[in-house]
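1. Pasting the sequence and the predicted coordinates here, then a few questions.
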Amino acid sequence: MAISEEEFQKEKKILRKVSTLLEKTLQDLGQDVIQDEENLTEFKKMMWENASSFDSGEASQALYATALEADKAYQKQKYFKRLCTIKDKPYFASIVFKDEEGEIYNIYMALTYLKDADSNNILYDWRSPICSLFYDYETGPASYKAPGGTYSGELKRKRQYKIEKRKLLGVFDNSLNIDDEVLQEVLATESSEKMKNVVNTIQQEQNQVIRNLEDHNLIVQGIAGSGKTTVALHRIAFLLYRLKELNSNNILIFSPNNIFTEYISDVLPSLGEDNTLQTTFADYLMSFLKEYHEIEDFSDFISRYYSYQEENPDFVEYKQSDHIIDDIDAFIENFLDNCKFLHDFKEGDKNLILKNDLNEMLHDRYEKLPLFERVEEMAEKLSSNYYKGSSKKKATFLKLLYENANFKKDYKEIIKEFYSSDFCRMKVSEKEIRKCVERDPLHYEDALIFAYFKGRLEGFLYEGRIKQVVIDEAQDYNKLQYIIINNIFKKADFTILGDINQNINPYYHYDSLEDLKPLMKEESKYIELLKTYRSSPEIIEYTNKILNLKHVNAIRKENNKPVLIRKDVKDLKESLIADIKYLQDQYKSMAIITKDDKEAFKLYELLKEDVEISLVEANSKQFKKECIIIPAYVSKGLEFDSVIIYNDRTNSYRKNEKNLLYVACTRCQHELIIYN
């Protein structure tokens with residue numbers, strides 16, 4: 001609801017006042033930052049020149065002081081950068097809150113805080129406790145939690161602002177209504193090259209995820225377009241604000257692919273935070289499995305199925321199943337029970353090592369360690385015992401131990417032995433067994449099995465510095481992956497986000513993401529996001545029919561653009577070019593989404609001479625959204641103003657592939673055209 005002219009003029013004065021204060025703060029802070037740099041450089045120079053005159057205590061104290069000053073300077077620089085980001089749009093909303101004592105607070109919300117000369121808050125960081133009122137309540141009775149307790153009162157007003165280059169263009173008083181003017185204006189805008197922050201339109205159900213500090217682990221089931229990834233990134237920004245011991249290097253995001261990593265790369269910096277560590281599961285496997293030069297990524301693994309290149313899908317399904325975990329565990333227990341040292345041996349001429357003593361060490365003294373870590377410890381201990389506490393002979397003892405053992409540190413042979421044993425419930429040929437471990441690049445599903453064997457027998461790569469892990473597209477990870485992840489990040493809390501309707505892993509399915517709760521080491525809270533903000537009602541109606549869904553709530557207003565179906569097209573090239581040009585005239589971004597990478601390449605070759613278009617593949621790291629061709633399984637998490645869904649008539653989506661079609665169609669915001 002627009003405000004009166006008198007109120008509008010008052011708001012213009014407030015904006016001028018805030019802009020003036022912001023400009024002065026930036027000038028003063030900028031000078032401080034420059035001075036800090038000069039002082040720090042001078043101090044380091046002095047330290048270097050006088051290092052020889054310091055004793056160890058003085059040197060340590062000086063280094064500590066330097067580190068302290070450097071950290072203060074860094075924090076000041078960080079705040080300066082945050083203020084720079086809000087220079088042209090100082091704030092986006094305000095609330096008026098009356099507490100139980102009758103005191104009234106007029107809170108202006110921004111991406112960061114701003115204080116006046118008397119240290120009074122002029123702007124409040126959107127992550128501060130009182131600002132949660134804006135997201136959680138309509139006008140009326142309201143309360144918020146802060147470190148000092150819960151504060152209740154009355155929310156008197158909620159107001160949003162449209163500001164461009166320090167000019168006030170619009171002011172709206174609104175309730176929490178999902179169809180409020182600012183939200184609908186944001187939804188109506190065309191998509192940008194990269195994901196943007198949405199601090200001015202966070203909805204109540206999203207805010208409950210973002211600000212949750214009570215639960216160690218969150219499992220979020222969100223329908224397509226519900227803002228799962230956006231929520232995850234804003235949650236990271238919130239945690240960095242509230243948990244003072246946390247920094248960006250303590251947080252790891254598992255992304256579906258490198259394209260997605262690039263797509264989300266601007267969100268945290270736009271919120272004034274550094275980007276966190278990011279990886280794909282295949283990249284992690286590559287860092288762990290040094291036995292191979294390359295490992296197939298998830299997109300190529302999926303591509304084998306959807307392009308019908310997989311020779312033995314039943315075997316792949318077994319390797320992706322929960323059953324194989326039980327089978328491997330049983331095999332490993334039996335393997336460990338039968339591991340032993342066969343002979344007494346001598347190291348040099350005098351040191352006799354008895355096999356009984358060795359087997360006692362292997363099975364009793366070090367039984368809590370993984371097998372090959374036990375052998376390492378034994379070699380260390382033997383060297384220490386026989387060489388007066390020295391470990392210089394460890395390598396010699398390690399060699400002697402393996403020479404006298406009935407087992408070797410050869411994972412490829414151990415895995416072959418498993419597949420040939422009675423513990424493996426699926427019988428496969430020797431040729432296929434060899435392929436499982438000898439391919440290079442190693443297939444994705446085989447890399448998971450290899451990593452599990454290696455972790456069980458040698459120990460997983462423990463990552464102690466990681467305190468928060470975010471897993472996006474959680475429905476595409478099988479149980480084995482979660483077991484591996486939990487073993488790596490033993491002290492981390494998890495935010496897990498996904499949608500069972502968007503599962504594109506054809507070999508593994510969850511009935512509900514609640515099935516993940518038993519896999520978490522701490523109590524987990526399960527939350528559902530049931531509103532979609534991405535697609536028009538017309539597109540939602542069409543995509544619902546694909547999976548027979550009825551529970552999707554479309555928030556975007558109707559745009560009267562029906563989903564167009566192209567059948568029996570006589571001239572494919574001519575028709576596609578006409579549709580591309582039409583969509584380019586209407587929108588900023590357009591994607592042709594194909595069923596697989598072969599179709600994407602084929603279509604790219606057909607169109608590249610007549611249309612300025614880019615081919616995006618799983619290993620692409622950058623792309624422009626104006627006009628692209630992309631396989632469906634690479635498009636996950638992305639969104640476009642307009643989409644053409646294309647598949648060759650001879651390569652139509654089958655019944656068991658409708659989730660992939662659903663993913664492709666739900667990438668679209670405004671206008672959708674379907675070929676075949």
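-> Arrived safely, thanks for sending.

2. So I527 lies in a helix, does it not?
-> No: I527: not assigned to a helix; according to DSSP: H, G, I helix; E, B strand; the rest coil it is strand.

3. Now do the same contact list for it.
-> Taking Cβ atoms under 8 Å, 6 or more residues apart in numbering as the criterion, I527 is in contact with Q208, V209, L218, I219, V220, Q221. C-beta: built from backbone N, CA, C; applies to glycine.

4. if you set the cut-off to 7 Å instead, what comes out?
-> Going by Cβ atoms under 7 Å, 6 or more residues apart in numbering, I527 touches Q208, V209, L218, V220.

5. which among these gets closest to F494?
-> Closest approach between the contacts of I527 and F494, by Cβ to Cβ: L218, at 7.3 Å.

6. Tell me the secondary structure of that closest one, please.
-> Here L218 is strand, with the state taken from three-state DSSP.

7. Counting neighbours, what do you get for it?
-> Applying other Cβ atoms under 10 Å, we find 23 residues neighbouring L218.

8. shouldn't it be in contact with R211?
-> No: using Cβ atoms under 7 Å, L218 makes no contact with R211, being 11.1 Å away.

9. Can you find the helix or strand of this structure with the lowest average pLDDT?
-> Ranked by mean pLDDT, DSSP states H and E, the weakest helix or strand in the chain is helix 181-188, scoring a mean of 56.

10. centre of the chain versus whichever helix or strand comes after that helix, how much separation?
-> Next along the chain after helix 181-188, taking DSSP states H and E as the criterion, comes helix 204-210. Relative to its chain's centre, helix 204-210 lies at 17 Å (Cα atoms, centre = their mean, to the nearest Å).

11. what's helix 204-210 packed up against?
-> Using 3 or more Cβ pairs under 7 Å, 6 or more residues apart in numbering; DSSP states H and E as the contact criterion, the elements in contact with helix 204-210 are helix 132-136, helix 228-242, strand 524-529.

12. ok, and the closest non-adjacent residue to N505?
-> Leaving out its chain neighbours, the residue that sits closest to N505 by Cβ to Cβ, 6 or more residues apart in numbering is D476, at 4.7 Å.

13. Poorly predicted segments of the stretch 51-200 of the chain, please.
-> The stretch 51-200 of the chain contains residues with pLDDT under 70 at 51-60, 62-66, 175-193.

14. Could you list every helix and strand in contact with the helix or strand V33 falls within?
-> V33 is located in helix 5-50, with elements delineated by DSSP H and E. Secondary-structure packing of helix 5-50 (3+ Cβ pairs under 7 Å, 6+ apart): helix 56-85, strand 114-115, strand 121-125, strand 167-173.

15. okay, and for the stretch 451-600 of the chain, where does confidence drop off?
-> 551-554, 556-558.

16. Could I get the full set of strands for it?
-> Assigned by DSSP state E, counting those that start in this stretch, the strands in the stretch 451-600 of the chain fall at 468-471, 493-498, 524-529, 531-532, 553-554, 564-566, 590-594.

17. Put together JSON lines for those, with distance to R649 on each row.
-> Converted to JSON lines, the strands of the stretch 451-600 of the chain look like this (distance: least, Cβ to Cβ, whole Å):
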{"stretch": "strand 468-471", "distance to R649": "37"}
{"stretch": "strand 493-498", "distance to R649": "32"}
{"stretch": "strand 524-529", "distance to R649": "36"}
{"stretch": "strand 531-532", "distance to R649": "30"}
{"stretch": "strand 553-554", "distance to R649": "31"}
{"stretch": "strand 564-566", "distance to R649": "11"}
{"stretch": "strand 590-594", "distance to R649": "13"}
